[in-house]
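J.: Quick one, what's the 3D model for this:
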Amino acid sequence: MAAYITAETIKILRDERGLTQRALAEAIGVTDKAISKWESGRGLPDISLVEPLASALGVSVAELLTGDVRQNANRAGNPLRAKFYVCPICGNVVYALGDGAFSCCGVRLLPLEVEQSDENHGIAIERVEDEWHITLDHSMTKDHFITFIAYVAPDGVTIKKLYPEQEPETRFRMGMSGAIYACCNRHGLFRVPTPKRSLSARL
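T.: Okay, the predicted model is just below:
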């Protein structure tokens with residue numbers, strides 16, 4: 001059975017926000033008796049109230065539904081600390097500014113662990129005018145290939161999806177210093193920093 005909001009979650013989050021049952025009720029347009037019923041386990045909020053309830057309690061809908069609340073001083077997120085998720089069935093790429101609960105093709109996705117670039121997954125970065133030209137010396141067969149290359153900087157992310165038989169290369173418009181990521185379908189996610197001052201670098 002799919003998880004839903006629990007009485008304990010609502011009460012704990014309300015207490016942490018310093019809200020009375022009446023204040024929470026007014027914020028989402030219900031009575032304080034309704035809040036009391038939810039917190040005592042004698043009722044559940046209607047699905048139409050999940051989003052406003054999460055907003056009033058200062059959490060995401062996913063956090064409210066699972067009860068797994070992430071403490072993060074910067075809820076806006078930092079792209080350089082974000083995570084990639086890849087569907088093992090269709091290859092869909094999900095980029096998130098923090099931990100989350102994601103699924104695709106009926107499969108729950110796990111965040112990819114980042115490795116430093118190695119001799120088998122060397123990422124070459126060359127500056128060409130105002131762009132980074134990214135290349136890899138890597139096979140691109142149907143069984144072993146680079147699935148995407150990404151440029152992540154403090155102000156955003158750009159992702160280039162790749163497929164078998166394509167060349168493992170791309171260009172990104174140069175921006176703030178950040179990192180280049182390349183994902184191998186067999187060996188996972190690799191990362192190197194972008195050059196800061198040199199015109200080109202083999203990393």
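
J.: Could you point out which residue ranges in the chain have low pLDDT?
T.: Low-confidence segments of the chain (pLDDT under 70): 1-3, 69-80, 197-203.

J.: counting contacts, what elements does the longest strand along it pack onto?
T.: Longest strand in the chain by number of residues, with DSSP state E as the criterion: strand 146-153. If you count contacts as 3 or more C-beta pairs under 8 Å, 6 or more residues apart in numbering; DSSP states H and E, strand 146-153 packs onto strand 83-86, strand 93-96, strand 131-136, strand 156-161, strand 169-173, strand 179-184. The C-beta positions use only the backbone N, C-alpha and C, and glycine is treated the same way.

J.: Please, which helix or strand holds the residue sitting furthest away from the middle of the chain?
T.: Most distant from the centre of the chain: Lys33, at 37.2 Å, with distances by C-alpha atoms, centre = their mean. Using DSSP states H and E, Lys33 falls within helix 32-39.

J.: hmm, who's touching the next helix or strand after that helix?
T.: With elements assigned by DSSP H and E, the helix or strand that comes after helix 32-39 is helix 50-57. Outside helix 50-57, the residues that touch it by C-beta atoms under 8 Å, 6 or more residues apart in numbering are 5, 10, 13-14, 17, 19, 24, 27-29, 45, 60-61, 63-65.
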